[in-house]
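K.L.:
below: sequence and its predicted model.
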Amino acid sequence: MRPVALLTDFGHADHYVGVLHAVLEREAPGVVRIDLGHGVPAGDIWTGSFQLRCAWPHLPADCVVMAVVDPGVGTGRHAVAVTIGSRSLVAPDNGIGAAVSGATAAVVLDWRRMGLEEPSTTFHARDLFAPAAARLACGTGGLELGDDIDVASLLACPLPEPTDSRSGLEGVIVHVDHFGNLVTNVRASEAGSLATASWRAGRKSRRVATYGDAKAEEVVLLEGSAGYLELAVNCGSAADVTGLERGDTVVISK
Amino acid sequence: MRPVALLTDFGHADHYVGVLHAVLEREAPGVVRIDLGHGVPAGDIWTGSFQLRCAWPHLPADCVVMAVVDPGVGTGRHAVAVTIGSRSLVAPDNGIGAAVSGATAAVVLDWRRMGLEEPSTTFHARDLFAPAAARLACGTGGLELGDDIDVASLLACPLPEPTDSRSGLEGVIVHVDHFGNLVTNVRASEAGSLATASWRAGRKSRRVATYGDAKAEEVVLLEGSAGYLELAVNCGSAADVTGLERGDTVVISK
Amino acid sequence: MRPVALLTDFGHADHYVGVLHAVLEREAPGVVRIDLGHGVPAGDIWTGSFQLRCAWPHLPADCVVMAVVDPGVGTGRHAVAVTIGSRSLVAPDNGIGAAVSGATAAVVLDWRRMGLEEPSTTFHARDLFAPAAARLACGTGGLELGDDIDVASLLACPLPEPTDSRSGLEGVIVHVDHFGNLVTNVRASEAGSLATASWRAGRKSRRVATYGDAKAEEVVLLEGSAGYLELAVNCGSAADVTGLERGDTVVISK
């Protein structure tokens, strides 16, 4: 049986994530379950997409991933299962379904085709996505879940890409992590030898190799664990020190 | 082996939930474990009971559920194992043990009968409830855990039921979820065609089918995923917008 | 296969813990995984060491524990695997690696010896500790992970021990838990018949057996679930009532 990984914005205050695990175990007894995380801010498709991209390379080869950040639940948006290499991604078609590149096939989830009861209007993760993930885990093929669609028709992931500007690579903070690190959308590999970050009027940070290379309280630029450049403060929170937030601009230059 | 699901108010700051998992794995190696949730507010039997009721229909058929919200730990309150259909519920006898209807048998957990060391006075989840759940998972019968008691003698669940009033069905907010949805104790099936919620002096909300039917910032009434009516704001927090809290009254009328 | 337990300060906002689970499942398919907790305050080696000590006696006999609170990631500090009885502890050598007594052997983790890619500078939990834990789970011996070192050379755990003073046993609050209980480093067994806690100028608490023995709002002293004395308020938060914090002094006397 294939393992199933879960990523949602459901948080930890409720029974919602627990019910997903219960449905997976009920529909696919003994299935290996992995919580990729449930701390995506409510409805935040950027962060969900970003965390999915960061975790993706480390997943088991045949993993089924269920990524549900779904502010449009109960409206007309599609629910999809996407084939990407040997893995499957089950998600709403709101951008998070296209967060990972390399899709080769996709189907629109069809509760009738799967023999399910009509889903509620508010909890498709429980009523549609989890049963679909359980079926994929048990070896069911995508076409038994719904009709084929062109992968090119999936709603594009809204996560912004960095842009070239006169001053350098203009990036955006796409994630503020638990430690207060400000993670940008600029890959270290794209930045090459650019080694200065500019943020707010006139504030600059130099590039270092690891947290321990920073002076006390210094805001430094370094390559984070997923290959993206981030602003960080050693043993401190760059978010607190700088006041920067998700969506703010950071320019990477010489 | 039967799967074991855990629901507590232990939160995620400590090692307490981790120790429960360790004890389950030690006492029942390989047992399937499901975290239903550990975000119940400290000592809040209402919320624990409500989350348990909401999750219950989705559990594996033979699941053992360990639900521990236990402000009276170490006092004379009983610890019980209750049989409900093909599932078992292990819980303190403080109301949460009677949160789910349909009990057909119950025993008072007896550490001597189970061959355990004398439990600590502060952590019965570790010393009594988890070992009992592990034994049930392994196929031990209830009577090997302690003496039979009448299910009618279990302390009644304190979660209030809605009342009929001149103005309609008078409900109570019993849960504020991670998204700020205000979940009442009024089942949509009871409310029938009643389609207006009144809260605070003169504030009213119309009933809609799903979050996406609401206008921006509008507080709407809809059927939540467990069949209860809830106040919600699309892509926002009804708790923040209304200032309503757990325990506040909501009247459902025509 | 041996079970693997995880303790970190990674929190629940990100995909970091999820990636550790993914790596464990990828490197040791089907391995039993236990989350001991991920709520250790960022970089707080005291709390990490304390939670590890408290959980340790309850772990499966052959458990591999991965405890990563690692403010020095990417610097010269060693990563180690320590043998303690029939269990293994994988951790940075920054004090947490020596949090549990009884070590009989230790090796310095060597990514080349393990055939790994060169670890990132910021996420050794993913790139070094988790692969090492997976190998130990699968039966690999310590010496296949790196060179032997003297256990006496491990950096000592910085968690303070209580000191004898004229007024009694002088302890320190080493953990504030989810319920607001203030857990000291004084073992109840050391305190013997000492039954009064003094904190701040002139404030005193009497010793009781369990939470239910306290009067409303009373701050009492009792033996917590791991054998340490703690200040607590029944159905309330001793942290809120007293204003005491981690690191504050509590004197235990007659």
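P.N.:
It's in. Residues are numbered from 1 along each chain as shown, chains lettered A, B, ... in the order given.

K.L.:
in chain A, where is pLDDT below threshold?
P.N.:
Low-confidence segments of chain A, defined by pLDDT under 70: none present.

K.L.:
what does it have sitting close to chain C?
P.N.:
A:3, A:5, A:7, A:12, A:32, A:34-39, A:51-52, A:54-55, A:58-61, A:63, A:175, A:177-179, A:209-212, A:222-225, A:234-235 (CB under 8 Å from any CB of the partner chain). For every residue, glycine as well, the C-beta is placed using N, CA and C.

K.L.:
mind listing what's buried in stretch A:159-176?
P.N.:
A:159, A:162, A:168-176 (16 or more other CB atoms under 10 Å in any protein chain shown).

K.L.:
mind checking which of the residues of chain A next to chain C are in strands?
P.N.:
Members of the residues of chain A next to chain C lying in strands (criterion: DSSP state E): A:5, A:7, A:34-37, A:175, A:222-223.

K.L.:
make TSV from those and add distance to B:F129 to it.
P.N.:
Below are these laid out as TSV (distance: CB to CB, whole Å):
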residue	distance to B:F129
A:A5	29
A:L7	31
A:I34	26
A:D35	23
A:L36	29
A:G37	28
A:H175	38
A:L222	46
A:E223	46
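
K.L.:
A:D248: what's it in contact with?
P.N.:
A:172-173, A:182, A:199 (CB atoms under 8 Å, 6 or more residues apart in numbering or on different chains).

K.L.:
redo that, cut-off 7 Å
P.N.:
By CB atoms under 7 Å, 6 or more residues apart in numbering or on different chains, A:D248 lies in contact with A:I173.

K.L.:
kindly report the residues of the stretch 1-150 of chain A close to chain B.
P.N.:
A:10-15, A:18-19, A:21-23, A:25-26, A:30, A:42-43, A:71-75, A:120-123, A:126 (CB under 7 Å from any CB of the partner chain).

K.L.:
just the buried ones out of those, please.
P.N.:
A:10-15, A:18-19, A:21-23, A:25-26, A:43, A:71-75, A:120-123, A:126.

K.L.:
among those residues, which ones are in helices?
P.N.:
A:18-19, A:21-23, A:25-26 (DSSP state H).

K.L.:
mind putting those into JSON lines with distance to A:N94?
P.N.:
Below are those laid out as JSON lines (distance: CB to CB, whole Å):
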{"residue": "A:G18", "distance to A:N94": "24"}
{"residue": "A:V19", "distance to A:N94": "21"}
{"residue": "A:H21", "distance to A:N94": "23"}
{"residue": "A:A22", "distance to A:N94": "25"}
{"residue": "A:V23", "distance to A:N94": "21"}
{"residue": "A:E25", "distance to A:N94": "27"}
{"residue": "A:R26", "distance to A:N94": "27"}
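
K.L.:
quick check, A:L59 in contact with A:S86.
P.N.:
No - the criterion here is CB atoms under 7 Å, and A:L59 misses it with A:S86 at 10.1 Å.

K.L.:
okay, those two: which has more neighbours?
P.N.:
Comparing A:L59 with A:S86 by other CB atoms under 10 Å in any protein chain shown, the one with more neighbours is A:L59, at 23 against 10.

K.L.:
ok and the residue in chain A nearest chain C?
P.N.:
Nearest to chain C in chain A, going by CB to the nearest CB, is A:T210, at a distance of 2.9 Å.

K.L.:
enumerate every residue touching the closest residue to that residue other than its chain neighbours.
P.N.:
Distances taken as CB to CB, 6 or more residues apart in numbering or on different chains put C:G74 closest to A:T210, at 2.9 Å, once the chain neighbours are dropped. Residues near C:G74 by CB under 7 Å, 6+ apart: A:209-212, C:121-122.

K.L.:
C:G74 and B:A61: what is the separation?
P.N.:
49 Å (CB to CB, to the nearest Å).

K.L.:
related to what we said a few turns ago, near chain B, from the buried residues of stretch A:159-176?
P.N.:
Of those, not one also sits near chain B (CB under 7 Å from any CB).

K.L.:
out of the residues you listed, which two sit at the greatest distance?
P.N.:
A:G168 and A:V176 (22.0 Å; CB to CB).

K.L.:
hmm, A:V90 and A:A81 touching each other?
P.N.:
Yes - between A:A81 and A:V90 there is a contact under CB under 7 Å: 5.0 Å.

K.L.:
so what sits against both of the two?
P.N.:
With CB under 7 Å, 6+ apart, A:A81 and A:V90 have common neighbours A:A132.

K.L.:
count of neighbours near A:D147?
P.N.:
Counted with other CB under 10 Å, A:D147 comes out at 12.

K.L.:
burial count for A:G139?
P.N.:
A:G139 has 10 nearby residues by other CB under 10 Å.

K.L.:
so who does the residue of the stretch 151-254 of chain A found nearest chain B touch?
P.N.:
Residue nearest to chain B within the stretch 151-254 of chain A: A:H178 (11.9 Å; CB to the nearest CB). Each residue near A:H178 by CB under 7 Å, 6+ apart is listed here: C:10-11, C:13-14.

K.L.:
if we use 6 Å, what do you get?
P.N.:
Counting by CB atoms under 6 Å, 6 or more residues apart in numbering or on different chains, A:H178 touches C:11, C:13-14.

K.L.:
okay if I get those residues as CSV plus distance to B:L109?
P.N.:
Output for these, formatted as CSV (distance: CB to CB, whole Å):
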residue, distance to B:L109
C:G11, 34
C:A13, 37
C:D14, 39
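
K.L.:
for the residues you listed, which one is nearest C:L244?
P.N.:
Out of the contacts of A:H178, the member with the shortest distance to C:L244 (by CB to CB) is C:G11, at 23.7 Å.

K.L.:
and that closest one, how far from chain A?
P.N.:
Counting by CB to the nearest CB, to the nearest Å, the gap from C:G11 to chain A is 4 Å.

K.L.:
spatially nearest residue to that residue (excluding sequence neighbours)?
P.N.:
Nearest one to C:G11, counting by CB to CB, 6+ apart, is A:H178 at 3.6 Å.

K.L.:
and what of A:V151?
P.N.:
Nearest to A:V151 is A:A103, by CB to CB, 6+ apart, at 4.3 Å.

K.L.:
looks like the one you found contacts A:V82 (just checking).
P.N.:
Yes - contact status for A:A103 versus A:V82: in contact at 4.9 Å, counting by CB atoms under 6 Å.

K.L.:
so these two - more neighbours on which side?
P.N.:
A:V82 (25 against 17).

K.L.:
which residues in the stretch 151-254 of chain A form strands?
P.N.:
With DSSP state E, counting those that start in this stretch as the criterion, the stretch 151-254 of chain A has strands at A:163-165, A:168-176, A:182-187, A:196-199, A:203-206, A:219-223, A:228-233, A:249-253.

K.L.:
and the shortest one, which strands flank it?
P.N.:
Read that as strand A:163-165. Counting by DSSP bridges, the strands paired with strand A:163-165 are strand A:168-176 (antiparallel).

K.L.:
what does the fifth one give?
P.N.:
According to DSSP bridges, strand A:203-206 has the following sheet partners: strand A:196-199 (antiparallel).

K.L.:
tell me which residues are up against the strand it pairs with.
P.N.:
Against strand A:196-199 from outside (CB under 6 Å, 6+ apart): A:204-205, A:221, A:250-253.

K.L.:
distance from it to the middle of the chain?
P.N.:
In terms of CA atoms, centre = their mean, to the nearest Å, the centre of strand A:196-199 is set 25 Å apart from its chain centre.
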